[in-house]
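Student: Have a look at this prediction, sequence included:
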Amino acid sequence: MKFNLKNCISLILLVGVIAVAGSCVVFAADATLDDGSTFTIPTGFTLNSSSETSMVSISNEADGIFISVGSDAVKVTKDTWADKGFTFKTEKNITLNGATTTEEQYDNSGVPFYVYYVTKEDTKYTIIVAMEDNADWNVQDTANPVNSIVKTLKA
């Protein structure tokens, strides 16, 4: 085989493309809470606000999720939610990715609404979810965005 400058350049470019493609990894974005805790933003969600406020907000086309930590993550009573127009539906205590969690379900004028009080690594978090439809909502499902947030929370 004769040395051909065109073939040599093509070979170098091909090797370069393969090396770059092989070393590329897609990293998910992290959000940071007031105390420096972080979590990975679930697939399909966008960060709406940062930790310059006491609560981080993420959303997709149908759901809004709000996360707070520390003193802002104080458990709000059912009466307080009722005073704001929310109808209490259910409450259950669960362990979610090793975190002690209380799930409360509410309804506000037909809009499903969940509140999660999470304790992970001795840090308290509140996660509030408002959604258009909760027909398939199961926080124990690993594809659930709250499950993903709790799994990736790091104090």
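Tutor: Done, it's in.
Student: quick one: stretch 118-137 to chain centroid distance?
Tutor: Between the centre of stretch 118-137 and the centre of its chain there are 9 Å (CA atoms, centre = their mean, to the nearest Å).
Student: next one: stretch 133-141
Tutor: Put simply, stretch 133-141 sits 14 Å off its chain's centre (CA atoms, centre = their mean).
Student: Straight-line length of it, end to end?
Tutor: 16 Å (CA to CA, to the nearest Å).
Student: Contacts made by that stretch with the rest, please.
Tutor: 62, 94, 96, 101, 103, 112, 114, 116, 131, 144, 146, 147 (CB atoms under 8 Å, 6 or more residues apart in numbering). In this view, the C-beta of every residue, glycine as well, is placed from N, C-alpha and C.
Student: Out of the residues you listed, name the ones that lie in helices.
Tutor: 146, 147 (DSSP state H).
Student: Please indicate which of the contacts of stretch 133-141 has the highest neighbour count?
Tutor: Within the contacts of stretch 133-141, residue 146 tops the neighbour count with 25 neighbours, counted by other CB atoms under 10 Å.
Student: can you count the residues close to the closest residue to it other than its chain neighbours?
Tutor: In space, and not counting its chain neighbours, residue 146 is closest to residue 139: 5.2 Å by CB to CB, 6 or more residues apart in numbering. The tally of other residues near residue 139 (other CB under 10 Å) stands at 18.
Student: Give the buried residues for stretch 81-95.
Tutor: The neighbour-count check on stretch 81-95 (16 or more other CB atoms under 10 Å) flags 81, 86 as buried.
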